[in-house]
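Novice: Quick one, what's the 3D model for this:
(2 chains)
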Amino acid sequence: MTTFLFYFFAILTVVAAAGVIAARSPIYSAMSLVGTFFSLAAIYALLLAHTIAVLQVLVYAGAIMVLFLFVIMLLSLGESVGPAKVTFPRVVGGLVAAGLFAALVIAARPFVPAAAQTPPSFGTLQSIGAQLYTQWLAPFEAVSLLLLVAMVGAVVVAKSRV
Amino acid sequence: MEGITLQHYLFLAALLFSLGVFGVLVRRNALVVFMCVELMLNASNLTFLAFARDSGMDVGHLPALFVIAVAAAEAAIGLAVIIAVFRSRGTVNVDDIRTMRL
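Specialist: Down below sits the predicted model:
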């Protein structure tokens, strides 16, 4: 069952990710990206990372994608015209990406799966929260500061000059 | 994980990351370039979670949490920059944007 679910959602993820790149209109790219995020959330759930899967849907598929769609509609960009051509920069980009994929696969092969048993509390909100507020308190506070700076910065950068 | 091992998840993450890199290199619309960066961030998250599951310790979920938070901040700032650039130049094509000065 896990095998079937993994391949189902893995193929869905890759197809949607390819759709992000191949889509002619930014709106279709954004919609494909939502599909990628949802199927990735399912993959996260297969990895018993339930909390992160929920956060993925809430923050990525919810908040960030709304932001993207808002900006796309605000700018009212047209579609790219004409058929997709095979140009020299595209070939080079494809070769670089293929080379990177080969390097990553070679790097990932030697890892011996430990396949360790997981405790019942693995990935629960309680377990994550307990670690977040003890061991990881300093990074957590740093992230809150980062979000504040980003909020102020976004307003300053995007406001129209009058 | 019966038939699916750590490697399956790592290969999926590698494929997703490479697709993101390909998109960043090939696409000329700044918004789509941004979406491809999000793909790469998600691929790194998947790697964190795969190793967390394999080692049986959920400490690896916390970096993934921080990656999501940083991605949210990055999206807010990046889209604000895109709006500012579009206002001053009327385009979001990264080939037409040559200077950082507004």
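Novice: List the contacts of the residue nearest in space to the middle of chain A.
Specialist: Residue closest to the average C-alpha location in chain A (C-alpha atoms, centre = their mean): A:Phe37, at 5.8 Å. Shown in contact with A:Phe37 (C-beta atoms under 8 Å, 6 or more residues apart in numbering or on different chains): A:Gln56, A:Val57, A:Tyr60, A:Ala61, A:Met65, B:Asn42. (Each C-beta comes from the backbone N, C-alpha and C, glycine too.)
Novice: what does A:Ala23 give?
Specialist: A:Ser29, A:Met31, A:Ser32, B:Val32.
Novice: hmm, which two among those residues are most spread apart?
Specialist: Farthest apart among the contacts of A:Ala23 by C-beta to C-beta are A:Met31 and B:Val32. That separation is 12.3 Å.
Novice: re earlier: using CSV, please lay out the contacts of A:Ala23 together with neighbour count and secondary structure.
Specialist: Formatted as CSV, these follow (neighbours: other C-beta atoms under 10 Å in any protein chain shown; DSSP: H, G, I helix; E, B strand; the rest coil):
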residue, neighbour count, secondary structure
A:Ser29, 24, helix
A:Met31, 17, helix
A:Ser32, 20, helix
B:Val32, 27, helix
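Novice: Just name the closest of those residues to A:Val92, please.
Specialist: Nearest to A:Val92 among these, with distances taken as C-beta to C-beta, is B:Val32, at 18.1 Å.
Novice: surely the closest one meets B:Gly23?
Specialist: Yes - applying C-beta atoms under 8 Å, one finds B:Val32 in contact with B:Gly23, separated by 6.7 Å.
Novice: joint contacts of the two?
Specialist: A:Val20, A:Ile21.
Novice: quick one: the helix or strand hosting A:Leu74 near chain B?
Specialist: Assigning secondary structure by DSSP states H and E places A:Leu74 in helix A:65-75. Yes - using C-beta under 8 Å from any C-beta of the partner chain, helix A:65-75 reaches chain B at A:Leu67, A:Phe68, A:Val71, A:Ile72, A:Leu74, A:Leu75.
Novice: Give me the buried positions along the next helix or strand after that helix.
Specialist: On the C-terminal side of helix A:65-75, the closest following helix or strand by DSSP H and E is helix A:88-108. Neighbour-count burial for helix A:88-108, counted by 16 or more other C-beta atoms under 10 Å in any protein chain shown, picks out A:Gly93, A:Ala97, A:Leu100, A:Phe101, A:Leu104, A:Ala108.
Novice: Other residues contacting helix A:88-108?
Specialist: With C-beta under 8 Å, 6+ apart, helix A:88-108 has contacts from B:7, B:10-11, B:13-15, B:17-19, B:21-22, B:25-26.
Novice: any chance of those residues in a markdown table, plus neighbour count and distance to chain A?
Specialist: Below are those laid out as a markdown table (neighbours: other C-beta atoms under 10 Å in any protein chain shown; distance: C-beta to the nearest C-beta, whole Å):
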| residue | neighbour count | distance to chain A |
| --- | --- | --- |
| B:Gln7 | 18 | 6 |
| B:Leu10 | 23 | 4 |
| B:Phe11 | 16 | 6 |
| B:Ala13 | 24 | 8 |
| B:Ala14 | 23 | 4 |
| B:Leu15 | 20 | 6 |
| B:Phe17 | 23 | 7 |
| B:Ser18 | 25 | 4 |
| B:Leu19 | 23 | 5 |
| B:Val21 | 22 | 5 |
| B:Phe22 | 24 | 4 |
| B:Leu25 | 17 | 3 |
| B:Val26 | 22 | 4 |
